[in-house]
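Participant: Provide a 3D model corresponding to the input given below.
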Amino acid sequence: MPRYLYLLRHAESAEKQMGQHDRERELTQRGVREASLMGAYLLKENTKFDAVHCSSASRARSTAVVLAESMKIEGEKIDEHDELYDASTRTFFEFITQFNDDEQTILCIGHNPVISYLAESLTKSEIGEMPPAGLAVLKFASDQWKDILPGTAELQNYVYPQMLM
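Facilitator: Here you go, the predicted structure:
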């Protein structure tokens, strides 16, 4: 049975203010609209997630919450992970290989450049820099997440808010 990984870059966030930690940056109004638009798109596509993981940064968590509200998913199903905040491609990849095999369809919300690099590495597709709230949908033929390797995914879809407006 195939496995699906949805990789989403967090929506647009405000610039870092003097004295503010980067983790504390919030979504802009546009970012809220982007996350809501992507959630509405996923709901229309009848997408159901077995798990939702996001970086512990405020902008990633807020993206997850707005998207979940638009999809009518309960917010408590979102798991935050400190290691995804400033993860390398290797760290993010290792995180994915630890997923529960009972979970077929998983959403991960992270940051650039890693989220774009990871999508390209897993699919061997040219994606470039994903825009805020950009989404890559990857399909794996593997029965277990631990067997996932670079280049083993098929890019099923790549969509971003400007395409949906």
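Participant: CA atoms for contacts and neighbours, from now on please.
Facilitator: Will do.
Participant: torsion angles phi and psi at Gly110?
Facilitator: Torsion angles at Gly110 (phi, psi; degrees, to the nearest 10) stand at phi -140, psi -150.
Participant: quickly list what it is bridged to.
Facilitator: Arg9 (DSSP bridges).
Participant: was I right to think it contacts Leu8?
Facilitator: Yes - counting by C-alpha atoms under 8 Å, Gly110 does reach Leu8; the two are 6.4 Å apart.
Participant: which stretches of the protein aren't confidently modelled?
Facilitator: 75-76 (pLDDT under 70).
Participant: helices of that one, residue ranges please.
Facilitator: For the chain, the helices defined by DSSP state H cover 29-44, 58-71, 89-96, 114-123, 161-164.
Participant: including mean neighbour count and distance to Ala153, could those go into a markdown table?
Facilitator: Putting those into a markdown table (neighbours: other C-alpha atoms under 10 Å; distance: least, C-alpha to C-alpha, whole Å) gives the following:
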| stretch | mean neighbour count | distance to Ala153 |
| --- | --- | --- |
| helix 29-44 | 20 | 20 |
| helix 58-71 | 24 | 24 |
| helix 89-96 | 16 | 13 |
| helix 114-123 | 22 | 5 |
| helix 161-164 | 12 | 23 |
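Participant: not counting sequence-adjacent ones, nearest residue to Lys124?
Facilitator: In space, and not counting its chain neighbours, Lys124 is closest to Gly151: 5.2 Å by C-alpha to C-alpha, 6 or more residues apart in numbering.
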